[in-house]
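sequence and predicted structure, then a few things I'm wondering about:
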Amino acid sequence: MFAPVHSPSTATALDLLGLTDPDPGAAPTSLLEIGSGSGVISVQAALANCTTLATDINRDAVENTRRNAERHGVTDRLTVLHSALFHAVDDDARFDRVFLGSNYVLAPAQFSYASMHERAYLDAGYRTHRRYVEQAVHQLTDGGSALLHFCERGDAAALAEIARECGRELRVLRRRTVLEGTDPIEHFLLEVVPVGSMRAWPVAGKAVRDVRGSPASRRPTGR
């Protein structure tokens, strides 16, 4: 989670999720956010009367999300856990929405993280993406959606290949182009669905090719 002065990713995610000036009637009944950061998305969902579980691998982020939940008076419907992806989430828990604001910059598989900050936007070998794409659908209610915020700074071809290997398809739900510094960068809200699912778009392959064709070689300025 980054301040808007460094990256517009959080504000963009809120927009993609429809949580800017949310209509409580349009919000999901329940949300699991993986990687809550400061808790902006989870708190905003809870303010829209959505029962929310927020997780983060960074203990400081967990505490930050808890404090923001207290500050905004939503501790009755927002729970925060220290967790690496789904590790601390009950296997039987089900949510209308599961969301990951991806650390979409692909790092070499043997990359060694020097800080939690690097974990926020670098993913060594796309291991985090693989686990999310494979596991997120198992935490959904019937008719629920597993969502991923991705960006053209990421490697869309590698993500599409991971989805194929996991028996998943990627559906582009929404896209926004935003300025990061002076660069126009395209952001995507992707839905992860099992191959052959009735929820998959008839043109899902074209949508993935559209993302795959986005430039992925620009150097990151943050997530």
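All right, it came through fine. Numbering: from 1, shown residues only.

identify each buried residue in stretch 118-138, please.
118-124, 126, 128-137 (16 or more other Cβ atoms under 10 Å). For the C-beta atoms, the positions are set from N, CA and C on the backbone; glycine is no exception.

where along the protein do the strands fall?
Secondary structure of the chain by DSSP state E: the strands cover 30-34, 51-56, 78-82, 95-101, 105-107, 122-124, 140-151, 168-180, 183-194.

which of those sits closest to residue 10?
Of all these, strand 95-101 sits nearest to residue 10, with 7.5 Å by Cβ to Cβ.

go ahead and name everything in contact with that closest one.
1, 9-10, 13, 17, 28-35, 37, 41, 53, 132, 136, 139-141, 143-149, 223 (Cβ atoms under 8 Å, 6 or more residues apart in numbering).

the inter-axis angle of it versus strand 140-151?
20 degrees (axes from the mean of the first three to the mean of the last three Cα atoms, to 10 degrees).

just the CA trace of strand 95-101, in PDB.
The C-alpha trace of strand 95-101 is given here as PDB (Å, rounded to 0.1, in the frame of the first residue of the first chain):
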ATOM      1  CA  PHE A  95     -16.500 -14.900   0.900                       C
ATOM      2  CA  ASP A  96     -18.400 -13.100  -1.900                       C
ATOM      3  CA  ARG A  97     -15.200 -11.400  -3.000                       C
ATOM      4  CA  VAL A  98     -11.600 -12.400  -2.600                       C
ATOM      5  CA  PHE A  99      -9.200  -9.600  -3.600                       C
ATOM      6  CA  LEU A 100      -5.400  -9.300  -4.000                       C
ATOM      7  CA  GLY A 101      -3.800  -6.000  -5.000                       C
END
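
report the inter-axis angle for that strand versus strand 30-34.
Using the same axes, to 10 degrees: strand 95-101 against strand 30-34 is 20 degrees.

pLDDT below threshold where in the protein?
For the chain, the stretches flagged by pLDDT under 70 are 1-7, 21-26, 198-223.

the biggest helix by length in it vs strand 78-82, what angle?
Looking across the chain with DSSP state H, the single longest helix is helix 59-71. Using the same axes, to 10 degrees, the direction of helix 59-71 lies 170 degrees away from that of strand 78-82.

packing partners of helix 59-71?
helix 40-47, strand 51-56, strand 78-82 (3 or more Cβ pairs under 8 Å, 6 or more residues apart in numbering; DSSP states H and E).

tell me which residues are up against the shortest one.
Yep, that's strand 78-82 we're talking about. By Cβ under 8 Å, 6+ apart, strand 78-82 touches 36, 39, 42-43, 46, 52-57, 59, 62, 65-66, 69, 88-89.

the nearest residue to residue 101 once chain neighbours are set aside: what's it in contact with?
Among residues not flanking residue 101 along the chain, residue 149 sits closest, at 4.6 Å (Cβ to Cβ, 6 or more residues apart in numbering). Contact analysis of residue 149 by Cβ under 8 Å, 6+ apart lists 9, 12, 13, 16, 99, 100, 101, 102, 187, 188, 189, 190.

fine, thanks again, bye for now.
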